[in-house]
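Visitor: next comes the sequence, and after it the predicted model I'd like to discuss.
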Amino acid sequence: MSNKRNKEEMNQDSESEEEQDSASENSDVDSDGNFIGDKELQADFEGRNPEDCDFHGIKQLLRQLFLKSDVDLGGLAQIIISQNYVGSVVKQCLDEPEEDDDEDDGSDGVFGITTVVNITKKKNEPSIQQIRTLLTTLADDNADDRTKALVKKILADDSQHVGLVINERILNIPAQISVPLFASLQTELEKAVKKNMPYTFQYLVWICKTYNTGDDSSEVLFANQEEKPIADEALASFDVNVTEQADLSQWDYEGGALTPYRKVLIFDGHKFNNLVRLIKEEVESV
């Protein structure tokens with residue numbers, strides 16, 4: 001299958017050598033271990049079909065999302081690659097092809113992953129079994145009674161297919177890249193459905209990385225800014241404090257502290273196109 005090339009260019013001025021050295025010495029990381037310093041780079045990125053060589057890069061991105069949860073991330077990465085006709089990885093555009101190197105599998109070049117996995121159809125896969133158990137456990141521990149019942153209902157009914165949306169990237173890749181990635185995902189899902197493949201979802205589960213500010217959690221920040229407006233469209237949602245799983249529990253934000261959370265959102269699957277529209281509008285408004 002030929003790679004699709006949905007480019008999202010980043011044209012940023014590099015800092016001076018002195019500023020770069022300073023950023024390196026004083027760099028910060030967020031609670032998931034991502035670099036949050038001020039160093040700017042100039043690079044072009046594009047969306048491509050996942051390939052075998054992307055395995056380690058995809059697995060690393062999944063670790064950002066699931067942290068220390070009991071999920072076989074390698075198994076999940078393999079599923080994502082096996083359905084490479086749906087979803088994209090973000091790779092850096094190279095002006096000139098690199099020389100072949102048998103020792104370089106390209107795994108370090110994965111900067112993002114956007115896809116959806118059918119956790120009903122693939123429920124017998126060990127990694128998917130673990131994700132389904134995780135969702136039930138997290139709901140039992142953190143959700144209200146109505147949401148707990150909904151989670152149990154959608155996971156128990158095999159006639160109602162549930163899709164797990166995965167939208168993950170390294171911190172410094174801007175939200176603008178999400179627009180062509182989700183546009184491609186829309187098209188790919190439509191083509192798959194026309195071929196009678198199991199990508200018609202009655203429900204979607206979307207796990208967002210968020211941070212709460214202050215003791216009263218008065219403000220919620222989304223690690224992926226484009227996901228902010230979709231939260232209001234959810235049938236149900238709940239928040240999970242992942243401080244104990246994160247390598248660093250907090251970092252300063254305008255004099256305060258950010259506490260890492262995961263926001264689990266459940267959507268009517270038929271509203272996916274509307275969610276993509278909201279994402280596009282959010283990105284274009286920035």
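Guide: The structure has been received and is ready for your questions.
Visitor: I'd say residue 155 and residue 137 touch.
Guide: No: Residue 155 is not in contact with residue 137 according to CB atoms under 8 Å; the separation is 11.6 Å. Every C-beta, even on glycine, is put in place using the N, C-alpha and C of the backbone.
Visitor: of those two, who's got more company?
Guide: Shown here are residue 155 and residue 137; by other CB atoms under 10 Å, residue 155 has more neighbours (21 against 14).
Visitor: please name the nearest non-neighbouring residue to that one.
Guide: Nearest non-adjacent residue to residue 155, counting by CB to CB, 6 or more residues apart in numbering: residue 132, 5.5 Å away.
Visitor: am I right that that neighbour falls within a helix?
Guide: Yes: assessed with DSSP: H, G, I helix; E, B strand; the rest coil, residue 132 lies in a helix.
Visitor: next SSE after the helix or strand harbouring residue 168?
Guide: Taking DSSP states H and E as the criterion, residue 168 maps to strand 162-169. Where DSSP H and E defines the elements, the next helix or strand beyond strand 162-169 is helix 178-194.
Visitor: what is that following helix packed up against?
Guide: With contacts taken as 3 or more CB pairs under 8 Å, 6 or more residues apart in numbering; DSSP states H and E, helix 178-194 sits against strand 6-10, strand 43-48, strand 88-92, strand 110-118, strand 162-169, helix 272-285.
Visitor: sheet-wise, list the partners of the fourth one with their directions.
Guide: Note on strand 110-118: by DSSP bridges, its sheet partners are strand 88-92 (antiparallel), strand 162-169 (antiparallel).
Visitor: nearest to residue 283, out of those?
Guide: Of all the strands paired with strand 110-118, it is strand 162-169 that lies closest to residue 283, at 12.6 Å by CB to CB.
Visitor: what is the mean pLDDT for that closest one?
Guide: For strand 162-169, the mean pLDDT works out to 97.
Visitor: hang on, the earlier thing: for the residue nearest to residue 155, give me the pLDDT.
Guide: 98.
Visitor: can you check residue 32 too?
Guide: Looking at residue 32, the pLDDT reads 53.
Visitor: over to the one 3 residues further on?
Guide: Residue 35 is assigned a predicted lDDT (pLDDT) of 45.
Visitor: next, the angle from the longest strand along the chain to strand 162-169.
Guide: Ranked by residue count under DSSP state E, the longest strand found in the chain is strand 256-268. Relative orientation of strand 256-268 and strand 162-169, computed by axes from the mean of the first three to the mean of the last three CA atoms, to 10 degrees: 150 degrees.
Visitor: what distance separates strand 256-268 from the centre of its chain?
Guide: Chain-centre distance of strand 256-268: 13 Å, with CA atoms, centre = their mean, to the nearest Å.
Visitor: do the same with stretch 72-91
Guide: With CA atoms, centre = their mean, you get 12 Å for stretch 72-91.
Visitor: let's see that stretch as PDB, backbone CA atoms only.
Guide: These are the backbone C-alpha positions of stretch 72-91, laid out as PDB (Å, rounded to 0.1, in the frame of the first residue of the first chain):
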ATOM      1  CA  ASP A  72       0.200  -5.200  26.600                       C
ATOM      2  CA  LEU A  73       1.300  -2.100  24.600                       C
ATOM      3  CA  GLY A  74       3.300  -4.200  22.200                       C
ATOM      4  CA  GLY A  75       0.300  -6.300  21.400                       C
ATOM      5  CA  LEU A  76      -1.800  -3.100  20.900                       C
ATOM      6  CA  ALA A  77       0.900  -1.600  18.600                       C
ATOM      7  CA  GLN A  78       0.800  -4.800  16.500                       C
ATOM      8  CA  ILE A  79      -2.900  -4.500  16.100                       C
ATOM      9  CA  ILE A  80      -2.600  -0.900  15.000                       C
ATOM     10  CA  ILE A  81       0.000  -1.900  12.400                       C
ATOM     11  CA  SER A  82      -2.000  -4.900  11.200                       C
ATOM     12  CA  GLN A  83      -4.900  -2.500  10.400                       C
ATOM     13  CA  ASN A  84      -2.700   0.000   8.600                       C
ATOM     14  CA  TYR A  85      -5.500   0.800   6.100                       C
ATOM     15  CA  VAL A  86      -7.000   2.800   9.000                       C
ATOM     16  CA  GLY A  87      -5.000   5.400  10.900                       C
ATOM     17  CA  SER A  88      -1.700   7.300  10.500                       C
ATOM     18  CA  VAL A  89       1.600   7.700  12.100                       C
ATOM     19  CA  VAL A  90       3.300  11.100  12.100                       C
ATOM     20  CA  LYS A  91       6.800  11.000  10.600                       C
END
